[in-house]
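**Q** dropping the sequence and predicted coords here.
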Amino acid sequence: MSVWIQQEILLQPRPRGFHLITDDIVAELPSLRSIRVGLLHLLLQHTSASLTINENADPSVRTDFETVFNSLVSEDRRDLIHTYEGDDDMPAHIKSSLLGVSLTLPVRDGRLVLGTWQGIYLGEHRNQGGRRRVVATLQGQGD
Amino acid sequence: MSVWIQQEILLQPRPRGFHLITDDIVAELPSLRSIRVGLLHLLLQHTSASLTINENADPSVRTDFETVFNSLVSEDRRDLIHTYEGDDDMPAHIKSSLLGVSLTLPVRDGRLVLGTWQGIYLGEHRNQGGRRRVVATLQGQGD
Amino acid sequence: MSVWIQQEILLQPRPRGFHLITDDIVAELPSLRSIRVGLLHLLLQHTSASLTINENADPSVRTDFETVFNSLVSEDRRDLIHTYEGDDDMPAHIKSSLLGVSLTLPVRDGRLVLGTWQGIYLGEHRNQGGRRRVVATLQGQGD
C-alpha cells in the first residue's frame, strides 16, 4: 500500500546555536511507524535557520558548530547591505544556505535509518528566532 | 492516482551572482497543478552553479550572497591547480558544492509549499555561465 | 509498477580527501536498470565524511577541494572543544555538514540522469576514516 502523509511540525523557540531535534521530529510523526520502506522529507520554512545532520552524542560538537560558523560568516564585516534587523540578519541567511533547510532521510520498518551517531540539528542563526515551522512529507510502502 | 513526471527545464543565461528563479521553475511545470500531495525534485546538471533556498523579497540579500561567497572562496589564492578556464573556474566548483545542485520541495494542492519568505536561487558562479539545465522530477498523488 | 528498493552499500576505506564514487555506487545497484522514471536517494551514515556532486573528469578538482576545505575549516584553531580524537576530529564534523551526507538523484530508463561533467564525490574528512556505509533508497516506476 502506497502512503503519502504531509503535515506541519512547529518547533518551540530555541536560543541561537545548534540543537538536536531528532526526538522532537519523530514524536510528531506517529505515522512513521506504519512505513515499511520509504523516505521522510523535511523542509524548514525559514531563511535564517537551517537543518543538518551531525553527531548526536556530545553537546560540545554543537558548541563548536556555533563557534566555527560564527567565524566562517562574520558579523563584523561592513560590506553587507541587508542588515536592517541587526548584525545577525545577513549572516543568518548565509548560514541557512551553507547548511541547507531541507533533509531527506530513509525509513525502514517504522523508523528513521540514521547512522548510530547521526542526529538532526536545528541551526538557529538569529538571536531571537522564535518558533520555527517544518513541513514533513512522509512517503513509502505501508504495511 | 500515483504520478511521476520528469522533464528538463532550460534556464536562460544569467550574469554571475544569485538570481531568484522560483517563477521560472513553476512556469515550466504546469503538471504541478495536478498534484494533491507530493514532492518536486530539481537537479541542476552543472558543477559551477548551484541551487539554494533563501529570502525572496529584498534583492540586497542576493547582492550580499555574492559578496560573502566571493570572500569565503577567494579567486586570489595561488595554491589551486584547476584554473585552466580562469580565476573563477575552481572557486565556482567549490561554491557549487557548498550550496549544492539539488533541491527537494514539498507540493500540496498543486503548489510548492515554501515558507512566506522562501524562494529558489540560482547561484551562477562563472563569469560567463551560459544557459543552465535543470532536471525536474515531480511525484505524488494526483487528483 | 511502483518500485521501492532499499539496501546498504559498503564503501572501501579511502585516504583523506575527495574521491569519485559514481561507478562504485552504480555497480552496487543492479536494480537501477529496472526503473523507467524515479529517484535514487543516498544517505552516508557518518558525521565525519560527506557526499557531494562535482566535476568527474580532472582529478585536480578533487585535490583543490581538499586544499580549499582545509583552509575553510582550519585544524590549527585552539577555540574548539571536541578534539578528543585529534585535530582532524571537529573539522571533519564541520565539513560533513557544509557538504552534506545525503544526495537525491533523478533516474530515467535505468540510469542516473547526471550532467555530462557530474560525478558523486565521497569526502573523506578523517585521517583514518575506515569503511563508510551508504543507505541507498531507490523508488520509481518500473518497466
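**A** Cool, got the structure.
**Q** how about the helix or strand hosting A:Asp64, does it reach chain B?
**A** According to DSSP states H and E, A:Asp64 maps onto helix A:59-72. Yes: if you take CB under 8 Å from any CB of the partner chain as the test, helix A:59-72 does meet chain B, through A:Leu72. Just so you know, the C-beta spots here come from the backbone N, C-alpha and C atoms, and that holds for glycine as well.
**Q** which residues of chain A lie near chain C?
**A** Among all residues of chain A, those adjacent to chain C (criterion: CB under 8 Å from any CB) are A:2, A:37-39, A:52-55, A:58, A:60-61, A:63-65, A:67-68, A:71-72, A:98-100, A:103-106, A:108, A:113-118, A:121, A:140-141.
**Q** in helices, which of those residues appear?
**A** Among the residues of chain A next to chain C, the residues falling in helices (DSSP state H) are A:60-61, A:63-65, A:67-68, A:71-72, A:98-99.
**Q** these two touch, right, A:Arg132 and A:Leu44?
**A** Yes: A contact is recorded between A:Arg132 and A:Leu44 when judged using CB atoms under 8 Å, the distance being 6.3 Å.
**Q** name the residues contacting each of the two.
**A** The contact sets of A:Arg132 and A:Leu44 overlap at A:Leu122 (CB atoms under 8 Å, 6 or more residues apart in numbering or on different chains).
**Q** tell me which residue in chain A sits closest to chain B.
**A** Among residues of chain A, the one nearest chain B by CB to the nearest CB turns out to be A:Gln45. It sits 3.0 Å away.
**Q** so what's the residue count around that residue?
**A** A:Gln45: 19 surrounding residues under other CB atoms under 10 Å in any protein chain shown.
**Q** residues contacting it?
**A** A:Gln45 makes contact with A:101, A:132-135, B:113-116, B:118, according to CB under 8 Å, 6+ apart.
**Q** now whatever residue of chain A ends up closest to chain C, nearest residue through space, not along the chain?
**A** Per CB to the nearest CB, the residue of chain A with the smallest distance to chain C is A:Gly115, at 3.0 Å. Distances taken as CB to CB, 6 or more residues apart in numbering or on different chains place C:Gln45 nearest to A:Gly115, at 3.0 Å, with adjacent residues excluded.
**Q** next, give phi and psi for the one you found.
**A** Dihedral angles phi and psi of C:Gln45 (degrees, to the nearest 10) take the values phi -90, psi 50.
**Q** for chain B, what are the nearby residues on chain A?
**A** With the criterion set to CB under 8 Å from any CB, chain A comes near chain B through A:2, A:4-6, A:41, A:43-47, A:72-73, A:77, A:79-82, A:90, A:93-94, A:96-98, A:100-102, A:104, A:133, A:135, A:137, A:139.
**Q** ranges for the strands of chain A?
**A** Secondary structure of chain A (DSSP state E): strands at A:2-11, A:17-20, A:35-44, A:49-55, A:102-108, A:111-112, A:118-124, A:132-142.
**Q** is it possible to export those strands to TSV including mean neighbour count?
**A** Conversion of the strands of chain A to TSV gives the following (neighbours: other CB atoms under 10 Å in any protein chain shown):
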stretch	mean neighbour count
strand A:2-11	16
strand A:17-20	19
strand A:35-44	22
strand A:49-55	24
strand A:102-108	21
strand A:111-112	15
strand A:118-124	24
strand A:132-142	20
